[in-house]
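A.B. asks: Need coordinates for the below:
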Amino acid sequence: IESVIDQTYQNIELLIVDDGSPTPVTETLPELPFDQLSSVTFIRHDENRGANVARNTGIRTASGKYIAFLDDDDWWAETKITRQVETLETADSKYGVVYTGKYTDGPEGSTVTTPTIEGDVLGKLLKGTSFGQFSSVMVRADVIEDAGLPDERFPAWQDREWFFRLAQHTQFRAIPETLTYRRVGLPDRITK
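C.D. replies: Residues are numbered from 1 along each chain as shown. Below is the predicted model of the structure:
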């Protein structure tokens with residue numbers, strides 16, 4: 001949440017979806033300068049319903065032209081949203097997804113990925129190319145209307161399945177900068 005507040009882009013609607021955590025997130029957050037954002041909304045599910053249900057709750061609530069995601073164990077560089085909005089605003093209308101490079105830190109070491117693949121990425125997806133994960137992408141809201149919401153039935157690989165559907169409706173742009181940071185290898189991660 002702090003990395004969202006610290007963004008250089010200020011017109012941010014922050015939607016915090018608490019997916020049934022044992023203690024409501026509103027009771028565990030420290031004092032934060034939320035007044036720096038356009039708006040902040042807390043939404044709580046009474047029980048844990050899964051990551052894509054939480055994402056879809058946020059998408060349905062959002063009113064912005066662009067949607068970006070941030071999982072609770074990831075964070076963003078302060079210029080991430082500025083760079084993504086600038087990229088989508090100056091790109092041809094055929095582009096509806098923009099993704100960034102990411103730094104991943106885990107028990108087996110750290111890696112940096114620098115994206116370069118752009119345009120019609122469906123063939124690359126079918127060949128196994130990775131286009132990041134939810135925390136590294138920004139999607140035009142109208143593309144989500146065309147491609148559909150993330151599939152709530154998937155317990156893992158949720159981003160990859162959704163990227164296949166998005167790629168059938170829009171083209172992808174890459175920002176070859178490390179603007180997304182992830183921690184992996186935590187014992188309670190769903191990917192395990």
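A.B. asks: residues contacting the residue most central in space within the chain?
C.D. replies: Central residue of the chain (CA atoms, centre = their mean): F69, 2.5 Å from the mean position. For F69, the contact set (CB atoms under 8 Å, 6 or more residues apart in numbering) comprises 55, 58, 134-135, 137. For the C-beta atoms, the positions are set from N, CA and C on the backbone; glycine is no exception.
A.B. asks: Throw those residues into CSV and include neighbour count, thanks.
C.D. replies: Formatted as CSV, the contacts of F69 follow (neighbours: other CB atoms under 10 Å):
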residue, neighbour count
R55, 23
G58, 19
F134, 20
S135, 23
V137, 22
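A.B. asks: Mind listing what's buried along the helix or strand that contains Y99?
C.D. replies: Counting by DSSP states H and E, the element that carries Y99 is strand 95-106. With burial defined by 16 or more other CB atoms under 10 Å, the residues of strand 95-106 counted as buried are 95-104.
A.B. asks: burial measure for D146, as a count.
C.D. replies: 13 (other CB atoms under 10 Å).
A.B. asks: Identify the residue nearest it in space, chain neighbours excluded?
C.D. replies: Nearest in space to D146, with sequence neighbours left out and distances taken as CB to CB, 6 or more residues apart in numbering, is H169 at 4.4 Å.
A.B. asks: give the contact list for the one you found.
C.D. replies: So H169 contacts 96, 143, 146-147 (CB under 8 Å, 6+ apart).
A.B. asks: So which of those are in helices?
C.D. replies: Using DSSP state H to define helices, the subset of these located there is 143, 146-147.
A.B. asks: Fine by me, we can end here.
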